[in-house]
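S.K.: Quick one, structure for this:
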Amino acid sequence: MPTNPIHLIILDFDGTLADTSRVIIATMQATFKQMNMTIPNADQVKSAIGLPLKECFTHLMPMDDDTARRCTETYREIFDQKNQALAPQPFPNVDSTLHRLHNDGLSLAIASSRSTRSLEEFIDLFGWNGLFSDVIGADKVTKAKPHPEPVERILADLHFLPKDALVVGDAPYDIWMGKNASTRTCAVTYGNAQLESLSEAKPDWVIDDFKKIESLILQQNGKIK
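M.R.: Numbers count the residues shown, from 1 in each chain. All right, here's what the predicted structure looks like:
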């Protein structure tokens, strides 16, 4: 039975397109230190990457809403300094693959828990201007991952149906978001989450290199057997 072709790829940013874990871990640990709170280790911080920033803190440690708000403000104050010292870079094969997918006529979009302003700054830094048809940060939705709203917003903006789209991410939150929006999903294993937690989310595909998205798309679109 033929499969529906994929016309839209909705991508997570942190841990999927760009290796931002070093700067996030360093900033998060510096935030807890400045707040005189127990400092989480790197693996604990990685488990929270993909959630909206305020939820990262409540995920890592029980705290009231006001404390989480102050942690978020402190994080943002520290981030710019850390970002300059630990400049994130795209993962291997991401840049070339994005350009090829775009040139092949695929629509590309980003759904991230990062702010839209931050995403646009990275897009400019990496020379990706013109590649993405839509960029949805946490500030553009009322309900973040794993709620389907970010995906539903992109589908509405670009006039696609769920059956047309593939959601790609490195965290279970990304996969659940796609499933909750009734799209197909693909997990990448080179990011922040452990393979076990990704497998529990039951993505349609799992890849260990971003360039493998190309052959996946070709196969789904009936261009290779």
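S.K.: Now do the helices in the chain.
M.R.: For the chain, the helices defined by DSSP state H occupy 21-34, 42-48, 53-60, 65-85, 94-103, 116-125, 149-158, 172-180, 195-200, 212-220.
S.K.: for the last one, the distance to its chain's centre please.
M.R.: Centre-to-centre, helix 212-220 and its host chain are 20 Å apart (C-alpha atoms, centre = their mean, to the nearest Å).
S.K.: rewinding a little: for the helices of the chain, give me TSV that also has mean pLDDT, distance to residue 131 and mean neighbour count.
M.R.: (Each C-beta comes from the backbone N, C-alpha and C, glycine too.) Shown next, in TSV, are the helices of the chain (pLDDT from 0 to 100; distance: least, C-beta to C-beta, whole Å; neighbours: other C-beta atoms under 10 Å):
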stretch	mean pLDDT	distance to residue 131	mean neighbour count
helix 21-34	93	22	20
helix 42-48	92	27	18
helix 53-60	94	25	20
helix 65-85	88	22	15
helix 94-103	98	5	16
helix 116-125	94	8	16
helix 149-158	98	14	20
helix 172-180	97	19	25
helix 195-200	92	25	13
helix 212-220	95	14	17
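S.K.: out of those helices, which comes closest to residue 109?
M.R.: Closest of the helices of the chain to residue 109 is helix 149-158, at 4.7 Å (criterion: C-beta to C-beta).
S.K.: Output the contacting helices and strands for that closest one.
M.R.: Here helix 149-158 touches strand 8-11, strand 107-111, strand 134-136, strand 165-169, helix 172-180, going by 3 or more C-beta pairs under 8 Å, 6 or more residues apart in numbering; DSSP states H and E.
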